[in-house]
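> Take a look and give me a structure for this.
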Amino acid sequence: MVWCFHFDIQGVAFATLRAQVICMLLGVWFIGRYLPQSQQKTDLKSILSWQSLKGVILVNTNLMIRTICLLVVTNHFISIGSSFSTNVLAANAVLFQIHYLMAYLFDGFANTSSVFSGKAKGTKIWRYTNKRCVGHC
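Have a look, this model is predicted:
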């Protein structure tokens, strides 16, 4: 968008917006395609009810506080870095992209291990590497 069409900063913003919308549409499509039919017929009113939202908020309070703190620090870092020069701002943007890539990579491993450990605990199947316990313990 920037080099081919010479859109400058507006091209970067438009490309980012377009990428976010395409990812959201792909996510909705994957959910609709691969979610079992019994789980697709959920009432929107029950999903957006205060009781269900209250439960999610109470469970995720620590995560929300962490996210707010990370956003404040990130925005503060970017605002201070932008006062130096455009080169520093561009270098910081590249470093943040690398940082986000590593964070998502480790977050994927963390989520995967949470899912597998929760599934193993729920089914009460534990497998140890020292071969003392294999199967139901």
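> The residue nearest the centre of the chain in helix, strand or coil?
The residue lying closest to the centre of the chain (Cα atoms, centre = their mean) is Y104, at 7.1 Å. Judged by DSSP: H, G, I helix; E, B strand; the rest coil, the three-state class of Y104 is helix.
> Mark out where each domain of this structure begins and ends.
Following automatic domain parsing, one finds the domains of the chain at 1-35, 49-112.
> Quick check: buried residues in stretch 53-60?
Along stretch 53-60, no position meets the burial threshold by neighbour count (16 or more other Cβ atoms under 10 Å). Every C-beta, even on glycine, is put in place using the N, C-alpha and C of the backbone.
> Off-centre distance for that stretch?
17 Å (Cα atoms, centre = their mean, to the nearest Å).
> Which strands or helices does the host helix or strand of F109 pack on?
According to DSSP states H and E, F109 maps onto helix 86-123. In terms of contacts (3 or more Cβ pairs under 8 Å, 6 or more residues apart in numbering; DSSP states H and E), helix 86-123 is packed against helix 61-82.
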